[in-house]
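**Student:** requesting a structural model of the entry that follows:
(chains A and B)
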Amino acid sequence: MLSSKRPSPIPSPQTVEFWKASAERKFMVPRCRACNRSHWYPRPFCPHCYSQDVALEKASGRGKVYSFTVLTKDKSIVAYVKLDEGPIMLTSIVDTDPEKIGIGSEVTVTFQPTEDGTLVPLFRGA
Amino acid sequence: MADDAYIVGIFEHPTRLATDLSVPQLHAEAAFGALADAGLSMSDVDAYYCGGDATGLGPLPMATYLNMKLRHFDSTDVGGSTYLAHVSHARDAIRSGRCDVALITCGGRPRASKAAVVPVSSPDMAEPDAQFEVPYNTNVVAFYAMAAARHMHEFGTTSEQLAWIKVAASQHAQHNPHAMLPKPVTVDDVLSSPVVASPLHRLDCCVVSDGGAAVVMARSEIARSLKRPLVKVAGAAEAIFHFGAGEPHIITTATSVSGPRAFAEARRTPADIKYTSVYDSFTITALLQIEDLGFCKKGQGGPFVADGNLISGRGALPFNTDGGGLCNNHMANRGGITKIIEAVRQVRGEAHPAVQVKNCDVVLANGIGAIVGTRHAAATLILERQ
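**Tutor:** Presented below is the predicted three-dimensional model:
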């Protein structure tokens, strides 16, 4: 794998657990125990019902491309992926021929390091 | 009965590359220009409005620099649509008697300074979702490219149709001596320009320019005492759409909320609008607003904008007759204030004769600030000649 030029995320106290799981190649999606709905991105409360009883759950890692673009400058693919858990996530698609994906294509989670080695979840063609 | 508010002064600085002008100076020169246009002076101003492009803490440094004596102010900042929101807020302030004369300024020099984005000062000030955004190396054009891709997927919109938006803007820009890109372009020119972020081409993107602009508003009695056409703010509304819990709005903008509210207040419908300014950071941005304002059905924007329908004197909906952000000016990476200014020129009958819309008594100006897809604010104004 080429050396990464991905900027590193700066975790906040409430997202340390998310990034710790990500370092172990586990993609976690928050779910509210009060209303049972998932949301993205992780927050210390539920943005649907505002309960603070939210927990990270290991996600299926599967989703479908909602929209995407190929940046000419570096051929990278930026995408919105609709997770099987419900929310739409901003992400990248990697290790995938742009010609082989389209809106609606199935993708699965993978991980790549950022500049400081933090593993971030992103997606590749299923 | 509440007093009405009028736009009495406008000014767009002719510079597009401000090598020897500071940011406060751009704001100041724009203010002087708009006050002169109105026939007012700085001592008449009792309310000041600025966005994040003004240097320092809210309205305070510019208030000092211009030695203004203020009893009302607002530094709402939502990016490019800020100044349309300011007109709405100043309208409310004038109506409620908080001020008599409101000055709104915008200005910046991203071209001269080559610094388009101000870095976040500390991790505490980072947006809460920044950590879930920066690792993906995205940028502004990528978000609008994803909007365009999704619109194409759902409605069959084509790159040719989007290109017509640029073609129309360029047809208007050729008559603007200050336009950054005054040369008319064709659909083929747009499609053969390099793809920046698929499906958007370089010519689907607005210019990066330096500049300054200002708008002056006044209450009825003052406006009527001036020797300028009376331009009433007949309708004004704002709204915010955002990513929320994981439901980004990428093909519907907050204009779908602000537009109908502004129309209702003005007791107008899209059929009454003789000219419209819409925010054109990218061709797709303009297309989404044209749909959300109700000029055509959602999804029909592609066929609607094609074949010159936005060109003054030729199409049904003359738009951005100054050349817009696509060809004229997108000062400080904020194109909202010029949307107001060209709408005022049109409703006054003071646009360039080659692009002036006939019998132009009711106009609309719409802005989108920040980024469709993550979070953005729309503001809609309906202006009427009295």
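
**Student:** what residue in chain A comes nearest to chain B?
**Tutor:** Going by C-beta to the nearest C-beta, chain B is nearest to residue A:87 of chain A, at 2.5 Å. Just so you know, the C-beta spots here come from the backbone N, C-alpha and C atoms, and that holds for glycine as well.

**Student:** so where do the strands sit in the chain?
**Tutor:** The chain I'm using is chain A. Ranges of strands in chain A, per DSSP state E, are A:28-32, A:54-58, A:62-70, A:77-83, A:88-93, A:106-113, A:119-125.

**Student:** right idea, wrong chain: chain B
**Tutor:** Remark: strands assigned in chain B by DSSP E are B:5-12, B:47-50, B:72-74, B:101-108, B:195-197, B:200-201, B:211-219, B:231-242, B:275-277, B:362-371, B:375-385.

**Student:** okay if I get the ones you listed as TSV plus mean neighbour count?
**Tutor:** Listed next are the strands of chain B as TSV, based on neighbours: other C-beta atoms under 10 Å in any protein chain shown:
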stretch	mean neighbour count
strand B:5-12	26
strand B:47-50	27
strand B:72-74	20
strand B:101-108	30
strand B:195-197	22
strand B:200-201	25
strand B:211-219	29
strand B:231-242	22
strand B:275-277	29
strand B:362-371	28
strand B:375-385	26
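
**Student:** one step back: how many neighbouring residues does the residue of chain A closest to chain B have?
**Tutor:** Neighbourhood size, residue A:87 [other C-beta atoms under 10 Å in any protein chain shown]: 23.

**Student:** quick one, which of the strands of chain B is nearest to residue B:351?
**Tutor:** With C-beta to C-beta as the measure, strand B:275-277 is the member of those nearest residue B:351 (8.2 Å).

**Student:** and that closest one, average pLDDT?
**Tutor:** For strand B:275-277, the mean per-residue pLDDT is 98.

**Student:** stretch B:367-379 too?
**Tutor:** Averaged across stretch B:367-379, pLDDT comes to 95.

**Student:** now the terminal residues of it, how far apart.
**Tutor:** End-to-end span of stretch B:367-379 (C-alpha to C-alpha, to the nearest Å): 5 Å.

**Student:** pLDDT score assigned to the spatially most central residue of chain B?
**Tutor:** When C-alpha atoms, centre = their mean is applied to chain B, the residue found nearest the centroid is residue B:336 (2.0 Å). pLDDT recorded at residue B:336 is 97.

**Student:** leaving out chain neighbours, which residue sits closest to it?
**Tutor:** Once flanking residues are discounted, residue B:336 sits nearest to residue B:367: 4.0 Å by C-beta to C-beta, 6 or more residues apart in numbering or on different chains.

**Student:** my read is that that neighbour contacts residue B:339, right?
**Tutor:** Yes - using C-beta atoms under 8 Å, residue B:367 is in contact with residue B:339, at 5.7 Å.

**Student:** what's the overlap in contacts for the two?
**Tutor:** The contact sets of residue B:367 and residue B:339 overlap at B:84, B:279 (C-beta atoms under 8 Å, 6 or more residues apart in numbering or on different chains).

**Student:** just want the residue of chain B that's nearest chain A.
**Tutor:** Of all residues in chain B, residue B:246 sits closest to chain A, at 2.5 Å by C-beta to the nearest C-beta.

**Student:** related to what we said a few turns ago, hey, what's the residue nearest to residue B:336 bridged with?
**Tutor:** Counting by DSSP bridges, residue B:367 forms beta bridges with residue B:379.

**Student:** still on that earlier bit, would you turn the strands of chain B into CSV with distance to residue B:316?
**Tutor:** Listed next are these as CSV, based on distance: least, C-beta to C-beta, whole Å:
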stretch, distance to residue B:316
strand B:5-12, 25
strand B:47-50, 34
strand B:72-74, 36
strand B:101-108, 30
strand B:195-197, 30
strand B:200-201, 25
strand B:211-219, 28
strand B:231-242, 21
strand B:275-277, 11
strand B:362-371, 14
strand B:375-385, 18
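
**Student:** ok, which of these comes nearest residue A:110?
**Tutor:** The closest of the strands of chain B to residue A:110 is strand B:195-197. By C-beta to C-beta, the value is 22.2 Å.

**Student:** hmm, who's touching the closest one?
**Tutor:** Outside strand B:195-197, the residues touching it (C-beta under 8 Å, 6+ apart) are A:69-73, A:78, B:139, B:141-142, B:144-145, B:201-202, B:204-205.

**Student:** before we move on, the earlier item: does the residue nearest to the centre of chain B touch residue B:76 like I think?
**Tutor:** No - the criterion here is C-beta under 8 Å, and residue B:336 misses it with residue B:76 at 11.6 Å.

**Student:** can you pull the residues that touch both of these two?
**Tutor:** Applying C-beta under 8 Å, 6+ apart, one finds that residue B:336 and residue B:76 are jointly contacted by residue B:82.
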